[in-house]
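Student: How does the following fold in three dimensions:
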Amino acid sequence: MLSQPLIWIVDDSRTQRKLTEIALGANHRYEEFVDGPSVIEHLTAGQGMPDLVVLDWVMPGLNGDEVCRFLRSYPVTRDVPVIILTASRTESEDAVDALECGANDYVSKPFVPQVLRARVGAVLRAAQLKREADLERRRVTTINRLGRALFAASSDVDEILDALATALVTELCDGCAVALLPGPIPSQIVSRHRYGHAALLESVATFTEPVHHAFATTQEALATLPGTAAGYIRERGLRGIAAMSLPVRGLVHGVVTVTRDAPEPPFDASDLAAIETCLELAGLAIEAAIRLETERATIRFHEEMIGIVSHDLRTPLGAIASCVELLGDASCEGATRDGVVGRIGNTTRRMTGIVEQLLDVTRTRLGSGIPISRRPAGLQPIVNDVLAELRLTFRETTFQQVGENVHGSWDADRLGQAISNLSSNAAQYGPPRGTVTVEISRIGDAAEIAVRNQNAGAPISETQLKTMFDPFKRGDGTGHAKGLGLGLYIVQEIIRGHGGMIAATSDDTGTTFRISLPITTD
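Tutor: Numbering: from 1, shown residues only. Okay, here's the model as predicted:
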């Protein structure tokens, strides 16, 4: 107990109530009730719970045995200890009746103060030991239940977070909110509340650093926590709150906020230790899930790289080998020889492009990223140079540049590579004799480049939009997929290298790739 035990004295005699209070001494807190109905009204109004009820047997309205039966039937007070006092029912069978109705002890009036104090002390100690045993059972049960749930969740981070929050609110707390900040996995928030107040809980779960508060009253909680938490505090009667870090060894940063609501007591040291154990188990599970996904991605990357080397490079090498054989033939002269040499040149350039893409993607996989060399430049000349080159390749497509010339510090070659890739894709996947528009604008402190076309068929699906910037994604199977599937991935990395972002949208009117670049100057 955090403070002196609270004892309710229920007796229709004011004198007897005072005598009982004097006999029990100053080591307790007291509330007095004149009859049984006032006790029931107080409880059903949610006005708090006592640590012990000292109950007169014979009273107007409801007798003490009837009040005791109600306390035992009411879930909130089922375990509250009760001592029945009586001056008129002092026979042996009366003591049996008192105990059978749910009382913990029975004392005859007039009582000896020392005897009453001793009996009250014994009942309170027994109740405290029972509470501690129940809490320890709940702690152990929670840890065991969470362990089984984490084993079933395997490498699914969403299921791990749900298992953590669900296990904690089942036994150890009333509310639990888990917040993961962006990192190797997307940011996530999971909220659970034992009584369905998960949405309200999020107004309390605003801590970013570890904290622990215990409150004796609602007013104390309101005075301590930010105003955003007032709704939850008034609704639930907050008694305890703790914000704790989710340990995942630097891979992600997470904060778990747990609450205890009235009439439950605040968290004690043993509660917090059990919750920390649960967080450690969940942190290990998340860490294992992240590492497993990283290993799977590495294996996929290696397999895809092997496929590229064995297929995409073997084909042009075979073509070069055939051309070399033709050049060795004495009959290969004149225009034929020139054509073979031209084919070798084209194939060599294609292989060079493949190798450069593989180098770029390997740099990003190793964590160094695509190198960016910034110089002061305007975006319009970069776009105009790119579109001039593309007009020679896509003769039936109309390329147009609109908007303003935004100046900043860019890597012109890399940005040109990104815009060229997006614009050529727009021409390739657009309708014959279609139009590709590149629009430049300035929005606040950022430059925006939008590359848009008209769709030749149905818009790009939401599923494809979610994965189109992943490496080795080759088109949509419509016959246009001739590259390695690295183009959009490299575009994204170039934009990231500039500190920007890229996103794609698609509907019946067309597809738009929108680049946002922070404007910086050297």
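Student: Residue 391 reaches residue 400, doesn't it?
Tutor: No. Using Cβ atoms under 8 Å, residue 391 is not in contact with residue 400; the gap is 10.5 Å. Quick note: C-beta positions are derived from backbone N, CA and C, even for glycine.
Student: ok, those two, which is more surrounded?
Tutor: Using other Cβ atoms under 10 Å, the more surrounded residue of residue 391 and residue 400 is residue 391, with 13 against 10.
Student: just checking, that one is part of a helix?
Tutor: Yes. Inclusion of residue 391 in a helix is indicated when DSSP: H, G, I helix; E, B strand; the rest coil is applied.
Student: Spatially nearest residue to it, not counting backbone neighbours?
Tutor: residue 399 (5.7 Å; Cβ to Cβ, 6 or more residues apart in numbering).
Student: Each with direction, which strands does the helix or strand where that neighbour lies pair with?
Tutor: Assigned by DSSP states H and E, residue 399 belongs to strand 398-403. Looking at strand 398-403 with DSSP bridges, its partner strands are strand 435-443 (parallel).
Student: average pLDDT for the strand it pairs with?
Tutor: Here strand 435-443 scores 94 as its mean pLDDT.
Student: swap in stretch 370-388?
Tutor: 88.
Student: Would you indicate which residues of it are buried?
Tutor: Using 16 or more other Cβ atoms under 10 Å as the test for burial, stretch 370-388 gives 370, 372, 374, 377, 378, 379, 380, 382, 383, 386, 387.
Student: will you turn these into a markdown table that also has distance to residue 319 and secondary structure?
Tutor: Formatted as a markdown table, those follow (distance: Cβ to Cβ, whole Å; DSSP: H, G, I helix; E, B strand; the rest coil):
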| residue | distance to residue 319 | secondary structure |
| --- | --- | --- |
| 370 | 29 | coil |
| 372 | 34 | coil |
| 374 | 39 | coil |
| 377 | 38 | strand |
| 378 | 41 | strand |
| 379 | 38 | helix |
| 380 | 39 | helix |
| 382 | 33 | helix |
| 383 | 34 | helix |
| 386 | 28 | helix |
| 387 | 30 | helix |
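Student: count of residues packed around the residue nearest to residue 391?
Tutor: Neighbours of residue 399 using other Cβ under 10 Å come to 21.
Student: what does residue 270 give?
Tutor: Using other Cβ under 10 Å, residue 270 has 12 neighbouring residues.
Student: Assumed it was part of a strand.
Tutor: No. Residue 270: not assigned to a strand; according to three-state DSSP it is helix.
Student: Turn the buried residues of stretch 370-388 into JSON lines, columns for distance to residue 442.
Tutor: Listed next are these as JSON lines, based on distance: Cβ to Cβ, whole Å:
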{"residue": "370", "distance to residue 442": "24"}
{"residue": "372", "distance to residue 442": "20"}
{"residue": "374", "distance to residue 442": "18"}
{"residue": "377", "distance to residue 442": "15"}
{"residue": "378", "distance to residue 442": "12"}
{"residue": "379", "distance to residue 442": "9"}
{"residue": "380", "distance to residue 442": "12"}
{"residue": "382", "distance to residue 442": "15"}
{"residue": "383", "distance to residue 442": "14"}
{"residue": "386", "distance to residue 442": "19"}
{"residue": "387", "distance to residue 442": "20"}
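Student: distance of the residue nearest to residue 391 from residue 419?
Tutor: Noted for residue 399: a distance of 11 Å to residue 419, by Cβ to Cβ, to the nearest Å.
Student: intersection of neighbour lists for those two?
Tutor: Taking Cβ atoms under 8 Å, 6 or more residues apart in numbering as the contact rule, residue 399 and residue 419 both touch residue 438.
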